[in-house]
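Asks: structure of the sequence below:
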Amino acid sequence: MAVKTMSANSGGNGKFTDGWHEVTITSAVYGVYQANDTDKKYITLNFDGYPEKMDLRIYEVFNQKTNEEFKISNLFKYANAGIIAVLQDPTGKKPVIQYDDEAENLVGKTVHILLYKEQKTGNGYTRMFDSVAPVEQEGEHLSYTAEQVTAIQSGIEKNLEKMLSKNNEYATTTVEATSNMTSDTISF
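Replies: Coordinates of the predicted model:
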């Protein structure tokens, strides 16, 4: 018999447990998914301390009423990435965010991701939900309080619950858009 050692740590460091995790984006790359003569833009993110194969892919989603994209736009808004200015809309009622959507602007930014156990395969693999939330921060153009972060996370959790109740992966669900986002500006 030999004397051996083993880690006293059980269950890892918790970075793969269900729930919210604060992460730093290490890479961001755009791509295009092509199916049935339709192109759908997406962005793939990798995070510090997470395996490269455990990436987050966010597909563009459009508001059904206004046909404005909001899913990728929210990524830039919540990451506080590429924000150029906050402007007044023509009516003067709602501010409009002007931003540069270059993927490189996301690298080094910190966001919250939501991990969950997928149900589609029955294997209970850990997945990242396709929406991010901001971290509490004060930025030059945008700031987020702890209360705002909690409210955004709560809305995302409700979307995850809705998706899981349908027992489908997020890629096959229909997202109900209630946002006024465009590819050039983000309203809030």
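
Asks: which parts of the protein are strands?
Replies: 19-35, 38-47, 56-59, 83-88, 95-99, 110-117, 126-133, 137-138, 143-144, 185-187 (DSSP state E).

Asks: longest helix in this structure, by residue count?
Replies: Longest helix in the chain by number of residues, with DSSP state H as the criterion: helix 146-165.

Asks: returning to what we had before: which of the strands of the chain sits closest to Gly155?
Replies: strand 126-133 (8.6 Å; C-beta to C-beta). The way it works is simple: take the backbone N, C-alpha and C, and place the C-beta from them, glycine included.

Asks: the closest one: how far from the chain's middle?
Replies: Relative to its chain's centre, strand 126-133 lies at 6 Å (C-alpha atoms, centre = their mean, to the nearest Å).

Asks: could you list the buried residues of that strand?
Replies: 127-133 (16 or more other C-beta atoms under 10 Å).

Asks: residues in contact with it?
Replies: Here strand 126-133 makes contact (C-beta atoms under 8 Å, 6 or more residues apart in numbering) with 16, 18, 20, 54-59, 71, 74-75, 78-79, 111-118, 149, 152-153, 156, 159-160, 163, 169-171.

Asks: what's the angle from it to strand 110-117?
Replies: 140 degrees (axes from the mean of the first three to the mean of the last three C-alpha atoms, to 10 degrees).

Asks: put the alpha carbons of strand 126-133 into PDB.
Replies: In PDB, the C-alpha atoms belonging to strand 126-133 read as follows (Å, rounded to 0.1, in the frame of the first residue of the first chain):
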ATOM      1  CA  THR A 126     -25.600  22.400 -16.400                       C
ATOM      2  CA  ARG A 127     -26.400  25.100 -19.000                       C
ATOM      3  CA  MET A 128     -26.300  28.800 -19.200                       C
ATOM      4  CA  PHE A 129     -29.500  30.600 -19.800                       C
ATOM      5  CA  ASP A 130     -29.400  33.000 -22.800                       C
ATOM      6  CA  SER A 131     -29.900  36.200 -20.900                       C
ATOM      7  CA  VAL A 132     -27.400  38.100 -18.700                       C
ATOM      8  CA  ALA A 133     -27.900  40.500 -15.900                       C
END
